[in-house]
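**Student:** Show me how the following folds:
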Amino acid sequence: MTTLLLDAEALYAELREGVRALLKPDSSLVGIWSGGAWLAERLQADLGLPGTHGVISSTLHRDDFGERGLASGTDPTHLPFAIDGRHIVLVDDVLYTGRTIRAVLNELFDFGRPASVQLAVLVDRGGRELPVAAAYAAARVTLPVSQRLSLAREDSGRFTFSVED
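**Tutor:** Model prediction:
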C-alpha cells in the first residue's frame, strides 16, 4: 500500500463547502456505503443539519453481483426519511467508473421518486464507463487503472487516503 499525497482532511473541508452550496431547504444527505457513509455522517454534524443522514448500498443492484456476491460487512440500505419528492445529495468518497452510482440510483428509486439527486464526491479519478458526473468534486486525480484509491477513517474520525496496487 502506498500513501498518496492527497490531504483527505483538507479535501473534506472543500467538500463540506461544496455540499453546503448544493443543499436546499428540504435536502437530505445519503452516503454510499462505506466511505460515502462516513463522509455523510460527518457532514450532517458539521453542517448542523436536522435529522439524520441516510446510508445506501449498491450491492443488490451491481452489474457484477454474480461475480462479487454479497460483500461481507456491508450494511444494508438505511433511509430514515421518505424519498418521494425529497432533494437528495448523494455523497461518495471516490468516483471512478460510475457503476456504483448507477447501482445506487437503482436502489434509491426502489424506495421512491426523489425530486432531484445530486452527487458530491471527495475525489473524481476519471475513468468513466457510464455517463455519470458529480455536481461537486473536491479534487480530480488521475491514477493508473491498476491502482485503487481508498478512503480510511481513523478512530479519531480523521480521514486519510491510501493507494492500493
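
**Student:** only C-alpha atoms for contact and neighbour calcs from this point on.
**Tutor:** OK.

**Student:** Now do the longest helix seen in the chain: which elements does it pack against?
**Tutor:** Ranked by residue count and defined by DSSP state H, the top helix of the chain is helix 8-22. Applying 3 or more CA pairs under 8 Å, 6 or more residues apart in numbering; DSSP states H and E, we find helix 8-22 packed against helix 35-46, strand 116-124, strand 136-140, strand 159-164.

**Student:** In JSON lines: the ones you listed, plus distance to residue 100.
**Tutor:** Shown next, in JSON lines, are those (distance: least, CA to CA, whole Å):
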{"stretch": "helix 35-46", "distance to residue 100": "11"}
{"stretch": "strand 116-124", "distance to residue 100": "12"}
{"stretch": "strand 136-140", "distance to residue 100": "16"}
{"stretch": "strand 159-164", "distance to residue 100": "19"}
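
**Student:** Give me the helix or strand of the chain that scores worst on average pLDDT.
**Tutor:** helix 65-68 (a mean of 53; mean pLDDT, DSSP states H and E).

**Student:** Test my guess that residue 95 contacts residue 123.
**Tutor:** Yes: assessed by CA atoms under 8 Å, residue 95 is found in contact with residue 123 at 6.3 Å.

**Student:** That'll do, ta.
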